[in-house]
Structures are given as C-alpha cells and as structure tokens.
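*Asks:* Starting from these lines, generate the structure:
(chains A and B)
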Amino acid sequence: MDAQLKKGLLDVCVLSVLREGESYGYKIITDIAPYIAISESTLYPILKRLESTGAVTTQSREYNGRLRKYYRITERGAERIREFIEDVREFERIYEFICLGEKK
Amino acid sequence: MTKKQWLKRFKKKLSALPREEKEAAVQYYTELFNERTDRGESETEIINNFGSPEQAAVAIACEKNEYSKIAYQSSGGLTAGRFFVVTILFICVGIPVLILIFALGVTAIALLISAFAMIAAGAAQALYFLIIQLIYGFNAGFVAQIGIGIAAAGLGCLLVPLFLFCVKWIFKSCGKMFTSSTRLICEKRRA
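*Replies:* As a prediction, this is how the structure comes out:
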C-alpha cells in the first residue's frame, strides 16, 4: 500500500477506535492491528499529529500506580471521519469509472 | 538489550528534539513497555516488537521534519561538515578554556609555593637575627625581628593546608570545567 495512503488511513483508523470511547496507546494498537499493520513507532507520530491538529485531546490518569495517557476524540476528529467517508464514496465512483468505464 | 538500555539509547537519539517532546516520547514508550509487561511479555519480546531505538527515533523525527538531525546523529563517520563544526568549536571554545585551565593550574601551584616561601623567609629572618644577636649582643630590636620571623614562618605553616585545599579545589574545578566544555562541544556537534 502507498505510504501516504496508509498514513491517512491509519489516522482515520485511530479516530474510529476513539469514536467508541477514550482509549490508550496499547489498546489502540491491539484494536487496529487485526485490520491494518501498525506498530508502536507508527502509532506515536499519528497520535501526536492528531493531537496537534485538535482531532484528539489527551489526559493522563493513574492506573495501577503509574500514569496512563488516554486519548479522546474531539468534534474536529469526528468531522475528519465524516470527510474520509465522503472521500471514499468519491473514490468508489472513480474506481467504478476506472474498472467499468469502458464497459458502460 | 534491557528496557533501561533501550530507553537510554532512544532518549539519546532524540537529543535534537525539544525537552518536552523528548520526555513525551519516552513516556509513551515507557507506558507501552509497562502495558506489555503486565500482559506477560518478556523484555526481549517487547524490544523485538519495538525495533531499534534508532528506528523509533527516526519515526518521530520524520513527523517533526527533524529527520536530518537524527539521521546525522545516527551516522558513524566524521563527515566534512561535522569536522568543520568541531574545528570551529575547538578554536572558539576549546582553546580559551584550555588557556583558562592552564592559568588556574599555575595560580594554584603559585599559591602553594608562596606558603612554603613564607615559612622559609620567616625561618631565615629569625635565624639571621639570632646569629646577629649572638655576634653583636642582646638588642630589643633583634628580638623583635626574630619574633617577626617566627610569626611569618608560623603563618606560612597555617597557610599551607589552606592553600593545599585551594589547590585541590582549583584542580577539581578545572576537571569539571574540562568535562563541561567537552560535553558542550559534543552536544553542539550533535545539534
């Protein structure tokens, strides 16, 4: 898969996980892993990027005597998912044109 | 490699980044280390999963457009650019620091010598006037001179331990200054 495309997809995958409720680093990875390859070193820049663009907010809370950072989706993050879905619909039309255009 | 070693190398590779970002990244990996440990994974398994600290650092730097700095740090050889920076830093920082260290060292030794010279001069004066007194007979002025000589020698004896302490302190400070300047050059070289 194209690196840029995968980067964009991973951003939305992380947001989709967070749409179900706040989550933390390890859980985000395990939730996404069955669908798309992701590692710890891949996730960190994504979370930083989403945080800097205001798509997620963070909060550190104590868990088992140590700090765990929780990520929560914002309205901007939810909007990002909606935009992505719109884009995919457009891609589908282009895909049909590419694959079936000559047959129509 | 242990968790501690991995995090240490990772932190070192991120030295080009601002402190806050560096700490946030270290915190992220520490948290993941702990999460995986809680789930029964061994340190080796976790580290294999994380990859090398260099790869993890480059992934962060790529996002921050700091790749060149990290990659530069990761390269082993002395490039022409690095050689130039080191040379300039040595001329601007290294040489003045070395001169300062040398001057402080000379001062320290001079202080110690002056204390011994004071003892020698005091003893010589006392002895001289003692001889003069023996030759020319008792004189209150000569007795006073002997007293001054003994006092000077005594003062010298008191100053030796004090100056010795100063010498040790100056040499220790020189060592610290040398270490700090070396670290400064190394950090500038990395940046």
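
*Asks:* Okay, domains of chain B per the record?
*Replies:* B:3-74, B:80-190 (automatic domain parsing).

*Asks:* TSV for those, including distance to A:Glu79?
*Replies:* For the C-beta atoms, the positions are set from N, CA and C on the backbone; glycine is no exception. Output for those, formatted as TSV (distance: least, CB to CB, whole Å):
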stretch	distance to A:Glu79
domain B:3-74	22
domain B:80-190	41
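
*Asks:* nearest to A:Ala3, of these?
*Replies:* domain B:3-74 (10.6 Å; CB to CB).

*Asks:* what about the closest one, average pLDDT?
*Replies:* Taken as a whole, domain B:3-74 carries a mean pLDDT of 81.

*Asks:* Off-centre distance for it?
*Replies:* Its chain's C-alpha centre and that of domain B:3-74 lie 29 Å apart, by CA atoms, centre = their mean, to the nearest Å.

*Asks:* Report the distance from the lowest-mean-pLDDT helix or strand in chain A to the chain centre.
*Replies:* Ranking every helix and strand in chain A by mean pLDDT, DSSP states H and E puts helix A:3-19 at the bottom, with a mean of 87. Counting by CA atoms, centre = their mean, helix A:3-19 is centred 3 Å from the centre of its parent chain.

*Asks:* try stretch A:51-69
*Replies:* 17 Å.

*Asks:* do you know how far the residue in chain B sticking out farthest from the centre is from B:Val143?
*Replies:* When distances to the mean C-alpha position of chain B are computed (CA atoms, centre = their mean), the maximum falls on B:Gly137, with 59.7 Å. Relative to B:Val143, B:Gly137 is positioned 12 Å away (CB to CB, to the nearest Å).

*Asks:* Could I get the average pLDDT for the longest helix belonging to chain B?
*Replies:* For chain B, the helix that runs over the most residues, judged by DSSP state H, is helix B:140-190. For helix B:140-190, mean pLDDT rounds to 79.

*Asks:* how near is B:Trp169 to B:Met118?
*Replies:* Distance from B:Trp169 to B:Met118, by CB to CB: 20 Å.

*Asks:* Please identify which of the two sits among more neighbours.
*Replies:* B:Met118 (20 against 11; other CB atoms under 10 Å in any protein chain shown).
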